[in-house]
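Chemist: make a model of this:
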Amino acid sequence: MSRIGVVTFPGSLDDRDAQRAIRLSGAEPVALWHDDADLHGVDAVVLPGGFSYGDYLRCGAIARFSPAMMSIVDAANAGLPVLGICNGFQILCEAHLLPGALTRNGHLHFRNRDQWLRVEQTDTAWTNAYQPGAEILIPVKNGEGCYVADPATLEELETTGRVVFRYVRGNPNGSQHDIAGVRNAAGNVVGLMPHPEHAVEALTGPSTDGLGIFAAVLAHLGTAVPAASRDRR
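Modeler: I've put the predicted structure just below:
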């Protein structure tokens, strides 16, 4: 069984939700502490949503210097699958594992709603379970989720297929090019603002579309669990 680490920073809110999503996908969640550089041999890592270190300075700006992140940067550069969700996406950008930055929502309001996304790329460790162009419904909740980058970076992301998720049926935060998530060149590191861990069970909804992200990394690792087996967990 694959072991997927979830890092808890001071101010993390969605670490337990991410652990549950991992468990539902058929993997073993492993709690990782921000102040511990030991990744305990995990096969992949999730950086969850929340307000790491109280969002002081900038969202994710302090978390990127944590001992755990120092190890994650090295491991990601060596091929470890890493997923950043919301604040985790901000941390990945601050750590320069992903390009661009997340700034204050264009309308200057916190936005919490169910949001449609289009899956633009399915050749990553975290999206191979989807069909290209699939539209999925996933909650979004952020105040600083507006993705920005300089024109050259945006052009590179578009021309090299590194925009992984795009907002459709409305842009909740003013992100440039309607970008909801991007990947690194190798495809093992993905960040997105919406919360797939909140869309893994029909009971809590709004869909189970987010489960595919966690199932995808198991397929990437070669340890995918059949749906019938997941249902019995």
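Chemist: next one: phi and psi at Ala68?
Modeler: Per-residue torsions, Ala68: phi -60, psi -40 (degrees, to the nearest 10).
Chemist: quick one, what contacts it?
Modeler: Residues near Ala68 by C-beta atoms under 8 Å, 6 or more residues apart in numbering: 7, 32-37, 39. Quick note: C-beta positions are derived from backbone N, CA and C, even for glycine.
Chemist: farthest-separated two in those residues?
Modeler: Across the contacts of Ala68, the longest distance by C-beta to C-beta is 12.9 Å; it joins Asp35 and Leu39.
Chemist: mind listing the helices in the chain by residue range?
Modeler: 15-25, 67-77, 87-94, 151-159, 211-221, 227-231 (DSSP state H).
Chemist: quick one: these as TSV, columns for distance to Ala61 too.
Modeler: Compiled in TSV, the helices of the chain are given as follows (distance: least, C-beta to C-beta, whole Å):
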stretch	distance to Ala61
helix 15-25	19
helix 67-77	11
helix 87-94	5
helix 151-159	19
helix 211-221	25
helix 227-231	37
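Chemist: looking at those, which is closest to Ala125?
Modeler: That would be helix 211-221 among the helices of the chain, by C-beta to C-beta, at 4.1 Å.
Chemist: re earlier: neighbour-wise, which of Asp35 and Leu39 wins?
Modeler: It is Leu39, of Asp35 and Leu39, that has more neighbours when counted by other C-beta atoms under 10 Å, with 19 against 11.
Chemist: ok, that one touching Ala75?
Modeler: Yes. Leu39 is within contact range of Ala75, at 6.3 Å (criterion: C-beta atoms under 8 Å).
Chemist: now do the shared contacts for these two.
Modeler: Val45.
Chemist: what's near enough to touch Ile62?
Modeler: Contact analysis of Ile62 by C-beta under 8 Å, 6+ apart lists 52-53, 56.
Chemist: can you give me the end-to-end span of stretch 71-84?
Modeler: Length of stretch 71-84, first residue to last, C-alpha to C-alpha, to the nearest Å: 15 Å.
Chemist: identify the residues contacting it?
Modeler: For stretch 71-84, contacts defined as C-beta under 8 Å, 6+ apart pick out 7, 37-39, 43-47, 90-92, 95, 97-98, 125-126, 184, 186, 188-192, 213, 217, 220-221.
Chemist: can you tell me which of the helices of the chain is most buried?
Modeler: Highest mean neighbour count of the helices of the chain: helix 87-94, a mean of 28 (counted as mean count of other C-beta atoms under 10 Å).
Chemist: contacting residues around that helix?
Modeler: Residues contacting helix 87-94 (C-beta under 8 Å, 6+ apart): 12, 46-52, 55, 58-61, 63-64, 69, 82, 84, 98-102, 144, 181, 189, 191-193.
Chemist: could I get the average pLDDT for that helix?
Modeler: Model confidence over helix 87-94, given as mean pLDDT, is 98.
Chemist: cool, stretch 51-66 as well?
Modeler: 92.
Chemist: residue contacts, the closest residue to Asp35 other than its chain neighbours?
Modeler: Take Asp35 and drop its neighbours on the chain: the residue closest to it by C-beta to C-beta, 6 or more residues apart in numbering is Pro67, 5.7 Å away. Counting by C-beta under 8 Å, 6+ apart, Pro67 touches 34-37.
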